[in-house]
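K.L.:
next comes the sequence, and after it the predicted model I'd like to discuss.
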Amino acid sequence: MALFNLNKNDYSIEELSPHRFKSEGMDKVSPQELIATFPSLILSIPEIEVSETEKLLVTREFNTSRGPIDVLIITENLDIVLIETKLFRNPESHRTVVAQTIDYVRALSEVDIDLLKNNFKNSKYTKPEVANELFKDDFFVSALSKNLLTGNFKVMIVGDKIHPNILNMVESIQSAPHLAFTIYLAEIRPFELDDENILIYPKLVANTNEVERSVIKLEIDYKQKTHKIESSIPQKESKGSRPIINAEQFLESLTVPDFANVIREFWKDWKELGGDIRFGVVGFSAGLNIGGKRVPLQPGIFNDGLHLITYQVVGKYNVDEKIYDRYKNELKENFPVGYDLLIGNKSKLKYMDISQEELESIFKATLNMGRSLLKADKD
């Protein structure tokens, strides 16, 4: 793949030279350091569907019983993202990276919550006030413990270029039944923009289907450079089931119970529109099929509040800005507080701070935006 720099003044074009990372994590400009310092490099990739949030727990080289995880990210919405980095020019690592990463998943599911808490509180990549706030929240800690126990992770192998060997190995893992996590292969391609600037292009290469986890038996022979993975289906009562809530559990957990009927009505209207509702650990997203891809238009609706649709979501999924402007104007007319939040680059609303009528107006604006998007997609 090549990238080009266009000069609008003299209408000249220049191919950018690839940048060469010196290491996976030892240097300031390296995949591990960049991802830990700027998590949006990875979290902004649309296909991994991580709910937008300003509160992140981030650490590097998190030690487990089976080795250190390169980068570990946990969002306030309980997305757990485990990242292993590999450089294309290091062929030795390609042979075992998928097996090693699965081993880290097993180890992470066994980690003591207090050890995890202390690590994040002492991490230079996590804001101390964010760590203190999240770990003081009993619901967050309880849900995080359950999520860890059941291995509900987004697992990412990230490199400057994904080696074909890794693609082949992921295909073999995909055929193994009942794995509780999703494996994503992503690239962060670096290019020299000028003497002081590097352009970084993140993109998803492939991912497995998300299914339930089994007990995994892993054998790695480092001398022979071979690996063997076996999986078996756990019993119903074991910890292999994914911690996904259902509709009634979500409604029962609402901090404002009176909003239950409003949310039920939104589900009904959204499904009639042709959209889908996907539940997670603490909430749900409302998505539409646009251009053959799922767009989580209302990306985060939780038991204590929801996110308005931001410009970042619009940009991530290439939503027509005119349609988004109509959404904002509808909020400006019917819910000025929400409009002011978006203007100030904020999105999170607590149910305790809004009325039932205001929640209805938010959902109405989302539904109207969804209708406009579907109409534009057909046209």
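P.N.:
Nice, thanks for sending it over.

K.L.:
list the contacts of the helix or strand Leu82 falls within.
P.N.:
Assessed by DSSP states H and E, Leu82 sits inside strand 80-86. For strand 80-86, contacts defined as CB atoms under 8 Å, 6 or more residues apart in numbering pick out 24-25, 31-32, 35, 42-43, 48, 50, 69-75, 93-94, 97, 100-101, 104-105, 108, 144, 147-148, 152-159, 163, 166. From N, CA and C alone the C-beta is placed, and that goes for glycine too.

K.L.:
likewise for stretch 9-26?
P.N.:
By CB under 8 Å, 6+ apart, stretch 9-26 touches 2-7, 27, 29-33, 60-61, 70, 85-87, 90, 160, 189-193, 198-199.

K.L.:
try 7 Å
P.N.:
By CB atoms under 7 Å, 6 or more residues apart in numbering, the residues outside stretch 9-26 that reach it are 2-6, 30-33, 70, 85-87, 160, 190-193, 198-199.

K.L.:
which of those residues are buried? Put it as a ChimeraX command.
P.N.:
Buried subset of these, written as a ChimeraX selection, criterion 16 or more other CB atoms under 10 Å:
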select :30,31,32,33,70,85,86,87,160,190,191
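
K.L.:
out of the contacts of stretch 9-26, which are inside helices?
P.N.:
Judged by DSSP state H, the subset of these located in helices is 31-33.

K.L.:
which of these sits closest to Ala365?
P.N.:
Pro31 (39.1 Å; CB to CB).

K.L.:
any idea of the pLDDT on the closest one?
P.N.:
Model confidence at Pro31, given as pLDDT, is 92.

K.L.:
so it touches Lys161, yeah?
P.N.:
No: Pro31 is beyond contact range of Lys161, at 11.2 Å (criterion: CB atoms under 7 Å).

K.L.:
and Phe363, how many neighbours?
P.N.:
20 (other CB atoms under 10 Å).

K.L.:
the spatially most central residue of the chain sits in which helix or strand?
P.N.:
Residue closest to the mean C-alpha point of the chain, counted by CA atoms, centre = their mean, is Val50 at 2.6 Å. Assigned by DSSP H and E, Val50 falls within no helix or strand.

K.L.:
residues in contact with it?
P.N.:
43, 75, 79, 81.

K.L.:
include neighbour count, distance to Leu115 and pLDDT when you put those into CSV, please.
P.N.:
Putting the contacts of Val50 into CSV (neighbours: other CB atoms under 10 Å; distance: CB to CB, whole Å; pLDDT from 0 to 100) gives the following:
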residue, neighbour count, distance to Leu115, pLDDT
Leu43, 22, 24, 89
Thr75, 21, 19, 91
Asp79, 22, 20, 88
Val81, 22, 18, 93
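
K.L.:
for these, which one is nearest Trp270?
P.N.:
Checking those against Trp270 by CB to CB gives Asp79 as the nearest, at 21.9 Å.

K.L.:
can you give me the helices in the stretch 101-250 of the chain?
P.N.:
Remark: helices assigned in the stretch 101-250 of the chain by DSSP state H, counting those that start in this stretch are 113-121, 128-135, 138-149, 164-174, 247-252.
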